[in-house]
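Colleague: the sequence and its predicted three-dimensional model are supplied below.
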There are 4 protein chains.
Amino acid sequence: MTKEPIFDVAQLAHVEIYTPKPDETLWFFKDLLGMIETGREGQSVYLKAYEDTYHHTLKVTERKEPGLGHVAWRTSSPQALERRVKALEESGLGQGWSEGETGQGAAYRFKTPDGHPMEILWEVERYQVPDDQKTALLNRNQKRPLQGVPVRRLDHVNLMCDEVTRNKEFMAENLGFKLREHIILNDGTEAGAWMSVSPLVHEVAFMRDQLQGGGRLHHIAYWYGYPQHLMDIADIFAENGIEIEAGPGKHGISQAYFMYVFEPGGNRVELFGDAGYLIFDPDWEPVTWREDNLAQGIIWYGSPLPAEYFMYGTPDVRKQKEVAK
Amino acid sequence: MTKEPIFDVAQLAHVEIYTPKPDETLWFFKDLLGMIETGREGQSVYLKAYEDTYHHTLKVTERKEPGLGHVAWRTSSPQALERRVKALEESGLGQGWSEGETGQGAAYRFKTPDGHPMEILWEVERYQVPDDQKTALLNRNQKRPLQGVPVRRLDHVNLMCDEVTRNKEFMAENLGFKLREHIILNDGTEAGAWMSVSPLVHEVAFMRDQLQGGGRLHHIAYWYGYPQHLMDIADIFAENGIEIEAGPGKHGISQAYFMYVFEPGGNRVELFGDAGYLIFDPDWEPVTWREDNLAQGIIWYGSPLPAEYFMYGTPDVRKQKEVAK
Amino acid sequence: MTKEPIFDVAQLAHVEIYTPKPDETLWFFKDLLGMIETGREGQSVYLKAYEDTYHHTLKVTERKEPGLGHVAWRTSSPQALERRVKALEESGLGQGWSEGETGQGAAYRFKTPDGHPMEILWEVERYQVPDDQKTALLNRNQKRPLQGVPVRRLDHVNLMCDEVTRNKEFMAENLGFKLREHIILNDGTEAGAWMSVSPLVHEVAFMRDQLQGGGRLHHIAYWYGYPQHLMDIADIFAENGIEIEAGPGKHGISQAYFMYVFEPGGNRVELFGDAGYLIFDPDWEPVTWREDNLAQGIIWYGSPLPAEYFMYGTPDVRKQKEVAK
Amino acid sequence: MTKEPIFDVAQLAHVEIYTPKPDETLWFFKDLLGMIETGREGQSVYLKAYEDTYHHTLKVTERKEPGLGHVAWRTSSPQALERRVKALEESGLGQGWSEGETGQGAAYRFKTPDGHPMEILWEVERYQVPDDQKTALLNRNQKRPLQGVPVRRLDHVNLMCDEVTRNKEFMAENLGFKLREHIILNDGTEAGAWMSVSPLVHEVAFMRDQLQGGGRLHHIAYWYGYPQHLMDIADIFAENGIEIEAGPGKHGISQAYFMYVFEPGGNRVELFGDAGYLIFDPDWEPVTWREDNLAQGIIWYGSPLPAEYFMYGTPDVRKQKEVAK
């Protein structure tokens, strides 16, 4: 009999990003995407979408360069956390416990082989909804905001890395992520991998970083679930000087109705505009996109992706290299 | 430390319904909902939606009265099947192994306390897609049909029962279903329960059967995920003599954008028109709807539900009682 | 040869409504529907939607009772205004010229046979868009607001009247309105008429007022054009205590995807959620709905209309009668 | 006082296209776009969309090369036809009366300055709906088809021409078309003009033909009015080998949610996926797009247009030139 799947990681809990322009970044997430500020501490501001239930799903921290602060995963139980920490310790990429910070309890810190800072935790603080934001829709965390075109919840994170396969295997072996779709080039190398612990096609994706920047962020994604909202926010972006890199359009991979934009700090943000598809099949055979059909995998219909999509991440290492000269 | 959750059941695999009018029922599912016929055997026809991956998700069997044939659950591994069969045997509601039938391997049969026939299995046959139906969209099982307004996949089943709580506990204890939302009346009794093994709010719901018919079907639900498709198929139904019982409208419970219709055989069918919301939180606190806010739980906005919604199921026991007089 | 059509009236220019609760009414139109305040004068506030091009399409005036202030029509040319004024003078229902008010030039005042105050004009003032609201989308009057779920433009007005036919004929003969759809009851009387001067199915509708209030307002309608926006604003209404009378649903008559709500002052407001259908056919045969198919004319699918829909208008004459006792 | 507008042309009645692959072209319009065949005569097949009310809006005629057969305009009255014929005769571009053909009465034939064959008529035959296609939705011509993703009605035609201004002026002076939007390049020349006789932004557009092919067709457009339908048909196209040239995306000009594809015969077809915006303002100031903001006029958001969009029309004169060598 085959080995049973691991169900120890439950979800993507939050992401921290760095920004050199905190005011503009907050304007983007709060005024345009309708996110709620739930706290400030030092150089950081905590935000959530209206259907997120925890204290925050986004931490925006001021830094000289944009990029990824860290990615936090929540386990399915305290016992699951213990098991995963043990595996991470044995992997050699564990870094030890942090004492916990605003909105959460203790977390075990580690890095992906490519260097992306991550943590795994069980204890989270739930958002204390102010009375005037309480809603009669009891399964919704708080009232739908009247500001902008409000996103509903954090969806996934996409990370650039030197070697996709190594990072993919690390997530599978130590955290139980399942491979859902991937790209295999004619030379046999893996150019991208989409992985999940839930029926979502991915909570994390790894894409090859041609510039080998190390631990770079490709994008974070917030979810609408309704195609119209992508058109609404695209309209808003077009009028308010936010650069749309690509979309709205439909990926073949993940069937996501996507749009990519740059928040003013320079990080790429994806808005996810439909339900995509969900994987309930317990022995789902990963979908392999090869060069002969890759074009349809990348764009099923709609707006193409520019070449920069496959090069640019944060921090922008080319810019740093130029400065270094 | 609290007990860890059970992850042994992966998904709703298929449902069998009975119909006294098989030709009309097939016209409904094939011509209007764009489902594909994948086999016939005896008095039964097997059907699937275009994004379903197995041999079938719906078995339509001719009988004098409409109603539920059985509900089939697929486990997350062969080992998980063994564990669940053991629990079911101990529950006293197990009935033993069936040898398997078209499209699947051996299945363990059991009944809910209210008498709904169910089975649990691991081995399933995947649909062999004919060449002219193969699609370049590799994560889609077959081409999107050009017929009707095609549904994408089976979503859930809603069952009527004498005592909601007893059936809910049976599913939780023996199969690991988690309670997501429920209705508690002023007298303390439970009038409905929505349960799932995945981030979906429910793969199964139990609602109180005021007529105590025993093992009755309230409805099966197929999924679109796009609100417009519900309006499209409503338009088609209105023109083609299909009775719309209620909807399109939005439930508070489950946030489903719903529509209920009767297929010509008499069974209620729900079409699910958006992404609803998904539960990733591993210690989700079940949402309790009470009489003071139940109206908003039932209808958040849009079309109300008629009183019959809470009475009618299949078989229609009132009709049988009348006949019996 | 048949008489040629009249093309003298171009459009519905604006509507004035009365409200006993001006602050709450303005909160409804500005905070929820994203309308822009363009002026205040005396007890009146002027508002427009972001794709309206004139100074205002809605004038909200404080009064003890809700109801209709007046309806303003714009002609297709100055010459057309002269011709229509002449016809109105001859009709015996003309009232003479007003000197013009904020946002417009001179207007000729008249009443429908049922007593609805109306005016017809040529000279209008266009909205002077502030610099920070100017948009690169040159055919859009101003930036799409970030507030609420913003309506796009004024669509139509629905008026209650004692005798539909008399009012319909008045609009046809004096102003060139064409009958598009109407309801003829079994007793031969006309219960409703939908009329337009453009390809829209109606800029004005008349519905029988069973209470014979005289000059009452049934509703004003603002337009979204996108079905999702109706669901978005329904969600907002449900959370913010705005009473939804009916919808979202689809009328057979006019094919409007509709929703009716009461603004806090008591006037009924319709939000129009799709494109409906347009009439370009120059000898369009009016559609006649009779009692045998009227149900489908009223509701093609979705939320039914309550009996009150056919009784309540503003002012609420029943309330006044009660007070009078 | 300024001259009054002309209201003599009511609408675009139908378009004839040529195709070298009639079977494949009919498969495209019937199987994918759900259009109905209403007649055959000689090398021609007549088609209509389900909300078109006349005998046909599309005539598909077999020819060696794709291209435009003719464009037919319907007047607002018989008198209006007489006036327009007189103007056309005086313009020097009139060609005389045709005796009428299947589905229509006598028509006056003429050409645009660039050579596009057109006709103007009053008498049209309405589609005789078969009993099984009659619908209870009385303002809809026939039942919504169950085939493909059915288009609702013919919307507009886009014509390439050597000199935009000359063709624009011809349509304005002789037929009363109003200029709604246009493109003025830095050298002062007009690169495109969008014109209408109704609140639609255009029933006809002229775009500069860089190849000066003479009388070429850029595209014909059918209308959905619902954004989701564009995504649905895009999905169908992607799976069925229909080349999508661009879209779905949103034009700034006309605010159209567009998609351009090539029917198998080689003609470009646009599907129009939303309500766009409507112009009711009788003294609408034409919108002028200049080089400094033209990019946003062409694409407000979404899929860009390839360079070929501005070169390719039917017949494909480059191909003919090559053959001629």
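Modeller: Alright, I've got the coordinates.
Colleague: can you pull the residues of the stretch 51-200 of chain A lying near chain C?
Modeller: Taking CB under 8 Å from any CB of the partner chain as the test, the list of the stretch 51-200 of chain A residues beside chain C reads A:135-137, A:143-144, A:146-148. For every residue, glycine as well, the C-beta is placed using N, CA and C.
Colleague: let's see that with 10 Å instead.
Modeller: Contact residues, the stretch 51-200 of chain A versus chain C (CB under 10 Å from any CB of the partner chain): A:133-137, A:140, A:142-150.
Colleague: which of these fall within strands?
Modeller: Nothing among those maps onto strands, per DSSP state E.
Colleague: just the buried residues of those residues.
Modeller: Buried by 16 or more other CB atoms under 10 Å in any protein chain shown: A:133, A:135-137, A:140, A:142-150, out of those.
Colleague: so where's the longest strand in chain A?
Modeller: strand A:9-19.
Colleague: show me what counts as buried in the helix or strand just after it.
Modeller: The helix or strand immediately downstream of strand A:9-19 is helix A:22-26, counting by DSSP states H and E. Across helix A:22-26, burial judged by 16+ other CB under 10 Å covers A:22, A:25-26.
Colleague: now swap in stretch A:183-196 and tell me
Modeller: Within stretch A:183-196, the residues that qualify as buried are A:183-184, A:190-196, counting by 16+ other CB under 10 Å.
Colleague: relative to chain D, which of those is nearest.
Modeller: The closest of the buried residues of stretch A:183-196 to chain D turns out to be A:I183 (CB to the nearest CB; 18.5 Å).
Colleague: so the closest one versus A:F310, what's the distance?
Modeller: Distance, A:I183 to A:F310, using CB to CB, to the nearest Å: 11 Å.
Colleague: picking that back up, any residue of the longest strand of chain A touching chain B?
Modeller: Yes: using CB under 10 Å from any CB, strand A:9-19 reaches chain B at A:9-13.
Colleague: what of stretch A:244-263?
Modeller: Yes: counting by CB under 10 Å from any CB, contacts between stretch A:244-263 and chain B involve A:250, A:252-255, A:257.
Colleague: quick check, central residue of chain A?
Modeller: Nearest to the mean C-alpha position of chain A, by CA atoms, centre = their mean, lies A:V157 at 1.7 Å.
Colleague: may I have the secondary structure class of whichever residue of chain A sits closest to chain C?
Modeller: Here the residue of chain A nearest chain C is A:Q228; by CB to the nearest CB that distance is 3.4 Å. Using DSSP: H, G, I helix; E, B strand; the rest coil, the structure places A:Q228 in helix.
Colleague: how many neighbouring residues does it have?
Modeller: A:Q228: 22 surrounding residues under other CB atoms under 10 Å in any protein chain shown.
Colleague: near chain D at all, stretch A:165-182?
Modeller: No: judged by CB under 10 Å from any CB, stretch A:165-182 stays clear of chain D, getting no closer than 17.1 Å.
Colleague: and that stretch, what's buried?
Modeller: Applying a neighbour-count criterion of 16+ other CB under 10 Å, the buried positions in stretch A:165-182 are A:165, A:167-168, A:170-171, A:174-182.
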